[in-house]
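*Asks:* turn this into a model:
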Amino acid sequence: MMRKYLFTWISMCCFLFSVAQQKQVSGKVTDAETGVPIPGVSVLVKGTNKGAATDFDGLFQLNVEEDATLVFSYIGYQSKEIAVAGQSELHVNLAVSAAELDEVVIVAYGTQTREEVTASVSTINAEELSDVTTTDVSTMMQGKVAGVQVVQSSGQPGSVPDIRIRGISSIDGRVAPLWVVDGVIMHGTPNLNPNEIESLSVLKDASATSLYGSRGANGVVVVTTKSAKKGRSELTLTSKTGFSTFNSGNFEVMNSSQMFDYYKNFGDSFNASDNPWFTPELLTRDYDWLDNGTQTGVVQDHNLIFTAGEENSRTYISVGFYDETGTIKGYEYDKLSLRINHDHNIGERLTIKPKIALNYSTRESRQHSMYAMLTYMPWDNPYNASGEIVNPQENGVPWIGRDKSNYLFDLQWNNSNSQELNLYSNFDIEFKITDHLKFISTNGYTLYRADSKSYTDPASNGGRAEDGLLGQSTSRRITRFTNQMIKYMNHWDKHSLTALAAYEYNDYVYDDFSATGSGIVPGTDILNNAARPKSVGGFKNEYALQSFLFNANYGYDDRYMTQFSIRRDGASNFGENNQYGTFYSASLGWNIHNESFFNIAAIDELKLRVSYGAVGNRPSSLYPQYDLYNLSNTYNGIPVTTPSQLGNADVGWEKSYQTNIGFDLFLLDRIGLTFDYYIKDTSDLLYFIAIPDVTGYSGYWENIGGVKNNGFEVFANADIIRNQDFQWSVNFNIGINKNEITELYESEPIIKGNKRLNIGKDINTWFMRKWVGVDSQNGDPLWEVVDQQTGQVSTTNNWNNATQQEVGTASPDYYGGFGTSFNYKGISLSANFAYSKGNQVYNYSRELYDADGAYPTYNQQVLADGWNRWQAPGDIATHPRAVYGGNNLSNKTSSRYLEDGSFLRMRNVRLGYTLDSQWISNLGLTNLNLYISGDNLWTITDFSGMDPEVGVGGTYNALYPVAKRLTVGVSASF
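*Replies:* Numbers count the residues shown, from 1 in each chain. Got it, this is the predicted structure:
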């Protein structure tokens, strides 16, 4: 018994002696540059497994021996060792690791380190977004994100491109991604100043997007705007001026002599004696309508940015001005923008984060007609001998063109203008409840207001019948958003857990009003001055959603990670029987490089990711569930109701079940590789089904089918050379997507214009008559005929007898981009390229410009390289013989006008020089950069139109081509 007490006493003494040798150390870990606390930093006693992790405010507490050394590490920062040496309180600053600047990733409702991410997420930082000169954010993404197709369908100033993430998964539902700015869900693509953006994350798989539930099926783009850095006050001026030239690509219309020869090829089908205007005198007239209607456009982009950061208050202010004149004459776009982001700490627990952004844009349009410039004959001159603009519709004015129109005549007076105001505001609150628990309130309000006015002069051809017209319209859109979230974060031993639960509400209301008056005094712009009301219109719609969401991320020993998300959405635009939907995801990650058995020195990181989940999509209609009636009709002057849409109380969400398998590899401390394979299986496709007119209704909404997308994405980047004086890096990405319709209403194909939806086929499949070529004996056009009973194939020169069939797809085989950058002692050179391969474009314009004589008094397209026209028996030609009035409907819709839309385009090349700080410090500058930049300087394509980027729909029709641009700029900081 005595021995037992003695042993207990000795053990207690040893314990007390051990405690006496230890002390409690606490401290705070912050970013060395910004002073912002860093949560989740690993604090480890060197040589042991004992440690802790910092909380939301970067605070830690640990019992250690007095001579211990603490190791502080966090992905994206340089590790740091500090000897305790009797200290009880430490303040630790961690510097960002230059080789790992992209380690922190913005994800849904928060951030994660790259090592923790189990989803498919791509991030673009502010520097990567600053190359292309544009007022639109989405344009800057082109070619930079694997699996994201960005297509600029217009080069008109202020235009917005189409974006598709991992293919198209809907027929009549929404197909564009969801945009989220500073935590607030946007309605459509936000009109932001690109210079205000800190980073942009593209969320692609269900694990990344499921927290957005019913709006996550098409991917999510998360934008974070810039904020001030603690301990730094700085004023930055950026200014650039660019010059844009019209880009006609491979397209060219005929000049006078070419058009004259074209008429000669009509042979006996054109009787010159019946057309006395056709004489050699025409060769003395050669007006270049395209040259007259285009110009060198000018772009100006100026921004003034002020940041101030103190211990408890940080303010970011940005003012920007953008002005652009189009390469087609008569169009100008400008935008003035303002943003204020402020963070303020009230005590140790409460932080408020108000943000406000405002932009105001205007469009002034007397734009020359693209259609006219390409169809008007070179033998017609818009001016008479005295230099006055002529009106071909007046008697005695000689004019050959079919439309008897000189668009310059009306442009003397007619014009339109519009203004657009966008307000984005946040009032966000963070309150620290405990060291591991935080309340986050995100609240947003957006306002969109647009006003437009059009003026048609009484003297113009367009206004003569009505004694002039004056139109005016106003539209307004308001969205409100609130998210109230509880967030938990904790690290203990080898475990880490982050969880959040939130309630979210979002609503929208839109209304507009328009009116047109006729009978005006020339020059008036006041609607009340019109003698007669011509028309009046108005419209309103609205929706609301409420949601409950939960997410948890668990990690063990920096080796194994798992994530689970669930969201319950209720939306106003679904039937009573399907008002709510549940969306979810789960994912796993394995950091193989952190395993004890893994000892390949060349590989710094190897992570495997697997995820599965269900997300949703909503219809384009806001009222698919209701019986709708039209009140615009009248009877004896009294409004009457007429049926419009048949309601469907069972209409529900489109559901997209997504699987993603990927891995991330980083080796030799300079080569990165990301690979993802995905399957997107979408069911309950929304479609508006037309029904016979005798029912009184136009149709109803139904969940009718399914579509499947699968493919893979690869992103690779490498620092080829990286030393103190010289750095050279390259990057490459590719996305391959295969699309297949898996189910349709009653298994019957659906024809939509020149496309057909059919089970087993791509959603973008072209459906038209198949062009076979030209009969070598007589020069007639030939199409294919397929016997529906036997399948036997023959040819015909009668367009009406040809068989409509599937002849290709507008979806590309693959698309992506690549780039490179060099830096040498302040000199920088970078280039970025975008490409697309295998998509077929329907060149609708050729039905007019390449018509084999069907439109003889329209100008025609010069045959592209490799094309030739039939002249005599035995000729193997691409084009039928030219016949005045047309050759057997050869220009009617068929696969003749389907062209390969593949292209490789240099999106940007930039050469810059940053002056040495010693040289500019005497001027009071901290940074000075000068550069010259080029956008879209060359494009490789076989497409015969002006621009192969025609939009994801795949139809080209005299689109405004993307301009070539040369820009010079300067950036200076004080």
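*Asks:* could you measure from residue 873 over to residue 524?
*Replies:* Distance of residue 873 to residue 524, computed by Cβ to Cβ, to the nearest Å: 65 Å. For glycine as for every other residue, the C-beta is placed from the backbone atoms N, C-alpha and C.
*Asks:* those two - which one has more neighbours?
*Replies:* The neighbour count for residue 873 versus residue 524, taken as other Cβ atoms under 10 Å, is higher for residue 524 (14 against 10).
*Asks:* got the contact list for that one?
*Replies:* Counting by Cβ atoms under 8 Å, 6 or more residues apart in numbering, residue 524 touches residue 470.
*Asks:* secondary structure element for it?
*Replies:* Using DSSP states H and E, residue 524 sits within no helix or strand.
*Asks:* pLDDT at it, what is it?
*Replies:* Residue 524 is assigned 92 on the pLDDT scale.
*Asks:* tell me how far the spatially closest residue to residue 84 that is not a sequence neighbour lies from residue 123.
*Replies:* Leaving out its chain neighbours, the residue that sits closest to residue 84 by Cβ to Cβ, 6 or more residues apart in numbering is residue 68, at 5.0 Å. Residue 68 sits 37 Å away from residue 123, going by Cβ to Cβ.
*Asks:* likewise for residue 340?
*Replies:* 25 Å.
*Asks:* which one of these two has more residues nearby?
*Replies:* residue 123 (20 against 16).
*Asks:* quick check: the more buried one is in a helix.
*Replies:* No. Counting by DSSP: H, G, I helix; E, B strand; the rest coil, one finds residue 123 to be strand, located in no helix.
*Asks:* that one and residue 139, how far apart?
*Replies:* When distance is defined by Cβ to Cβ, residue 123 is 18 Å away from residue 139.
*Asks:* and what of residue 589?
*Replies:* Remark: distance between residue 589 and residue 139 (Cβ to Cβ) = 33 Å.
*Asks:* now do residue 750
*Replies:* For residue 750, the distance to residue 139 - Cβ to Cβ - is 33 Å.
*Asks:* neighbour-wise, which of the two wins?
*Replies:* It is residue 139, of residue 750 and residue 139, that has more neighbours when counted by other Cβ under 10 Å, with 21 against 17.
*Asks:* so where do the strands sit in the stretch 251-400 of the chain?
*Replies:* Using DSSP state E, counting those that start in this stretch, the strands assigned to the stretch 251-400 of the chain run over residues 297-309, 313-325, 331-346, 350-365.
*Asks:* can you name every helix or strand that the last one contacts?
*Replies:* If contacts are counted by 3 or more Cβ pairs under 8 Å, 6 or more residues apart in numbering; DSSP states H and E, strand 350-365 sits against strand 331-346, strand 415-432.
*Asks:* what would those strands look like in a markdown table with mean pLDDT?
*Replies:* Listed next are the helices and strands packed on strand 350-365 as a markdown table, based on pLDDT from 0 to 100:
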| stretch | mean pLDDT |
| --- | --- |
| strand 331-346 | 95 |
| strand 415-432 | 96 |
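*Asks:* now tabulate the ones you listed in CSV and tack on distance to residue 147.
*Replies:* Output for these, formatted as CSV (distance: least, Cβ to Cβ, whole Å):
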stretch, distance to residue 147
strand 331-346, 30
strand 415-432, 28
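*Asks:* looking at those strands, which is nearest to residue 926?
*Replies:* strand 331-346 (21.2 Å; Cβ to Cβ).
*Asks:* who does the closest one pair up with?
*Replies:* Counting by DSSP bridges, the strands paired with strand 331-346 are strand 313-325 (antiparallel), strand 350-365 (antiparallel).
*Asks:* for residue 109, which of the ones you listed is the nearest?
*Replies:* Among those, strand 350-365 sits nearest to residue 109 (Cβ to Cβ), with 14.9 Å.
*Asks:* give me the angle between that closest one and strand 415-432.
*Replies:* 170 degrees (axes from the mean of the first three to the mean of the last three Cα atoms, to 10 degrees).
*Asks:* with just CA atoms, put strand 350-365 into PDB.
*Replies:* Taking Å, rounded to 0.1, in the frame of the first residue of the first chain, the C-alpha atoms of strand 350-365 are listed here in PDB:
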ATOM      1  CA  LEU A 350     -18.300  43.200 -35.100                       C
ATOM      2  CA  THR A 351     -17.300  44.200 -38.600                       C
ATOM      3  CA  ILE A 352     -19.500  46.000 -41.100                       C
ATOM      4  CA  LYS A 353     -18.800  45.900 -44.800                       C
ATOM      5  CA  PRO A 354     -20.800  48.400 -46.800                       C
ATOM      6  CA  LYS A 355     -20.300  48.400 -50.600                       C
ATOM      7  CA  ILE A 356     -21.800  50.600 -53.300                       C
ATOM      8  CA  ALA A 357     -21.200  50.600 -57.000                       C
ATOM      9  CA  LEU A 358     -22.800  52.800 -59.600                       C
ATOM     10  CA  ASN A 359     -22.400  53.000 -63.300                       C
ATOM     11  CA  TYR A 360     -24.100  55.100 -65.900                       C
ATOM     12  CA  SER A 361     -23.700  54.300 -69.600                       C
ATOM     13  CA  THR A 362     -25.000  56.000 -72.800                       C
ATOM     14  CA  ARG A 363     -25.400  54.900 -76.400                       C
ATOM     15  CA  GLU A 364     -25.700  57.400 -79.200                       C
ATOM     16  CA  SER A 365     -26.700  55.800 -82.500                       C
END
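*Asks:* list the residues that contact residue 846.
*Replies:* With Cβ under 8 Å, 6+ apart, residue 846 has these contacts: 861, 891, 897, 944.
*Asks:* would you mind measuring from it to residue 592?
*Replies:* 55 Å.
*Asks:* repeat for residue 631
*Replies:* 65 Å.
*Asks:* so the two - more neighbours on which side?
*Replies:* Taking other Cβ under 10 Å, residue 631 and residue 592 do not tie; residue 592 has more neighbours (16 against 10).
*Asks:* all set, thanks.
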